[in-house]
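# I need the structure of the sequence given here:
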Amino acid sequence: MKITVGIPHKDREEAAALYWEAFGDKLGFTMGPKYQALMFVRSVLRPDHGICAHDDDGRLLGIAGFKTTQGALVGGGFRDLQRTYGWVSASIRALLLATLERDTENERFLMDGLFVAPEARGLGVGTALLDAVADEAKRRGYTQVRLDVVDTNPRAKALYRQVGFKEVKTVEIGVLRHIFGFNASTTMVRNV
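Model prediction:
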């Protein structure tokens with residue numbers, strides 16, 4: 001398995017599809033329909049904010065995204081939303097997405113999504129990507145990595161615990177659970 005910082009242009013389509021497969025249940029109501037969501041993700045995907053795992057044949061196995069003050073793996077702003085959804089629809093989506101927004105602090109490196117191709121799950125890809133995120137954080141001068149995981153993803157939470165992440169707080173989202181499909185988000189931190 002080869003791990004690299006940055007997403008090659010050849011993998012942009014597949015990266016968007018894997019992202020949507022991983023987060024579509026959570027974002028579907030807000031970002032759907034799927035064809036528009038994929039169009040949006042492809043248009044705002046920041047290759048310099050992702051760490052990729054490829055197999056020996058060059059096939060994309062998974063990606064770990066991160067967020068900095070310069071952007072996120074899948075960020076974008078109102079103008080990006082407007083190009084895909086139109087002004088009115090973009091306004092509603094921007095308001096809903098703002099409720100999920102996480103701050104970018106200067107003390108911890110913020111991981112912003114981990115997704116692995118279905119055929120590569122259970123093969124150590126997620127663990128390798130999490131270790132690569134820790135290495136990237138250390139390279140940038142951070143002493144900790146921070147992430148948030150939703151309560152409907154116990155498998156991810158177990159993986160994060162296994163590689164050294166500790167829970168620091170859980171926040172319930174209240175009535176927004178009907179829109180996003182989860183009840184709470186737990187912040188976890190790992191020393192590097």
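# residues in contact with the helix or strand where Lys67 lies?
When elements are assigned from DSSP states H and E, Lys67 belongs to strand 60-68. Here strand 60-68 makes contact (Cβ atoms under 8 Å, 6 or more residues apart in numbering) with 1, 7, 11, 14-15, 18-19, 49-55, 72-75, 102, 104, 109-117, 120, 123, 125-126, 129-130, 132-133, 136. Backbone N, C-alpha and C define where each C-beta goes, glycine included.
# please state the offset of that strand from the chain centre?
Averaging C-alpha positions (Cα atoms, centre = their mean, to the nearest Å) puts strand 60-68 7 Å from its chain's average.
# list the buried residues of that strand.
60-67 (16 or more other Cβ atoms under 10 Å).
# report the next helix or strand after it in sequence order.
strand 71-72.
# all strands of this protein, in order?
2-5, 50-54, 60-68, 71-72, 109-116, 144-150, 166-172, 184-191 (DSSP state E).
# now those strands as CSV including distance to Ala94 and mean pLDDT?
Output for these, formatted as CSV (distance: least, Cβ to Cβ, whole Å; pLDDT from 0 to 100):
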stretch, distance to Ala94, mean pLDDT
strand 2-5, 29, 97
strand 50-54, 23, 98
strand 60-68, 17, 96
strand 71-72, 15, 91
strand 109-116, 18, 95
strand 144-150, 20, 96
strand 166-172, 21, 96
strand 184-191, 20, 96
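# check the separation of the first and last residues in stretch 146-154.
Separation of the first and last residues of stretch 146-154 by Cα to Cα, to the nearest Å is 17 Å.
# again, but for stretch 169-185
End-to-end distance (Cα to Cα), stretch 169-185: 8 Å.
# buried ones in that stretch, by neighbour count?
Buried-residue list, stretch 169-185, by 16+ other Cβ under 10 Å: 173, 179-180, 182, 185.
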